[in-house]
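Novice: Return atomic coordinates for the entry below.
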Amino acid sequence: MSLFNRHISLVKSAGLGAALGLVLAACTMQPLYSGGSENGRPALNVSSQMRAVLASIAIDEPKDHIDQMVRNRLIFLLGDGQGQPVNPSYSLALNVRSRTEAAVRVDIGDTTDRTGRASAGTVVATSAYVLKDSDGKAVMTRTRTVRASFDRPRQEYANLQAEKDAQKRAAEELAEWIYLSLAQDFARR
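Specialist: So this is what the prediction gives:
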């Protein structure tokens with residue numbers, strides 16, 4: 001057998017092994033999304049019973065502005081736009097923290113004393129959330145982190161608006177990650 005034929009045989013074996021690995025890995029997976037979105041929220045492939053469980057989660061009062069944005073989006077996602085439940089089965093403490101990081105520093109090339117000014121930034125939002133049942137017992141504790149990048153133009157107002165927009169995008173994405181995480185955890189129960 002020539003070296004070329006051995007090489008082809010080895011490549012075929014590796015390809016077969018990779019395909020078999022993917023098939024076996026797929027046996028443990030199930031789709032969470034049914035595709036697209038409905039009413040501005042991710043369309044989950046869950047039963048009406050699961051939706052009722054998710055709608056029975058009340059979210060604690062916010063502590064700051066980004067916490068408020070995450071909470072508002074999550075209330076909309078969990079309750080199909082109906083608001084907080086009247087008799088909640090669970091309560092959710094979000095514990096949201098955010099910070100803004102300077103991503104890139106460049107010399108802006110003018111005569112001002114602003115050399116090394118950040119020209120891009122990233123808003124990092126983290127939620128160490130705790131879901132409690134009606135007895136106050138912690139049912140699940142998870143941490144989710146998202147990042148939203150933005151450009152920092154020279155105009156100060158445009159800079160502030162870009163950062164504010166990045167905070168809003170980070171808050172909405174964080175709420176969607178928490179929503180999906182809750183759905184996954186309840187689906188495993």
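
Novice: need the longest helix for the chain.
Specialist: helix 156-188 (DSSP state H).

Novice: What is the distance between it and the centre of its chain?
Specialist: Centre-to-centre, helix 156-188 and its host chain are 6 Å apart (Cα atoms, centre = their mean, to the nearest Å).

Novice: Mind giving me the packing neighbours of that helix?
Specialist: Contact partners of helix 156-188 among helices and strands, from 3 or more Cβ pairs under 8 Å, 6 or more residues apart in numbering; DSSP states H and E: strand 41-44, helix 48-55, helix 65-78, strand 96-106, strand 117-133, strand 138-151. Placement of C-beta: from N, CA and C, glycine included.

Novice: can you put these in a markdown table and add mean neighbour count and mean pLDDT?
Specialist: Converted to a markdown table, the helices and strands packed on helix 156-188 look like this (neighbours: other Cβ atoms under 10 Å; pLDDT from 0 to 100):
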| stretch | mean neighbour count | mean pLDDT |
| --- | --- | --- |
| strand 41-44 | 16 | 55 |
| helix 48-55 | 14 | 87 |
| helix 65-78 | 21 | 94 |
| strand 96-106 | 15 | 81 |
| strand 117-133 | 18 | 90 |
| strand 138-151 | 16 | 94 |
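
Novice: Give the closest residue to Ala175 in space, chain neighbours not counted.
Specialist: Spatially, and ignoring its direct neighbours in sequence, Ala175 is nearest to Arg73 (3.6 Å; Cβ to Cβ, 6 or more residues apart in numbering).

Novice: quick one on the thing from earlier: just the buried residues of the longest helix of the chain, please?
Specialist: Residues of helix 156-188 classed as buried by neighbour count (16 or more other Cβ atoms under 10 Å): 159, 162-163, 166-183, 186.

Novice: does Val86 sit in a helix or strand, and which one?
Specialist: For Val86, there is no helix or strand it lies in under DSSP states H and E.

Novice: and it, how many neighbours?
Specialist: Using other Cβ atoms under 10 Å, Val86 has 7 other residues around it.

Novice: Quickly note the distance from it to Gly79.
Specialist: 11 Å (Cβ to Cβ, to the nearest Å).

Novice: Could you do Asp64 as well?
Specialist: 22 Å.

Novice: again, but for Asn87
Specialist: 13 Å.

Novice: In terms of packing, which of the two has more residues around it?
Specialist: Neighbour totals were compared for Asn87 and Gly79, and Gly79 leads with 18 against 7 (other Cβ under 10 Å).

Novice: Pull the contacting residues for the closest residue to that one other than its chain neighbours.
Specialist: Residue nearest to Gly79 in three dimensions, not counting chain neighbours: Ala55, with 5.0 Å by Cβ to Cβ, 6+ apart. Listed by Cβ atoms under 8 Å, 6 or more residues apart in numbering, the contact set of Ala55 reads Leu78, Gly79, Asp80, Gln82, Pro85.
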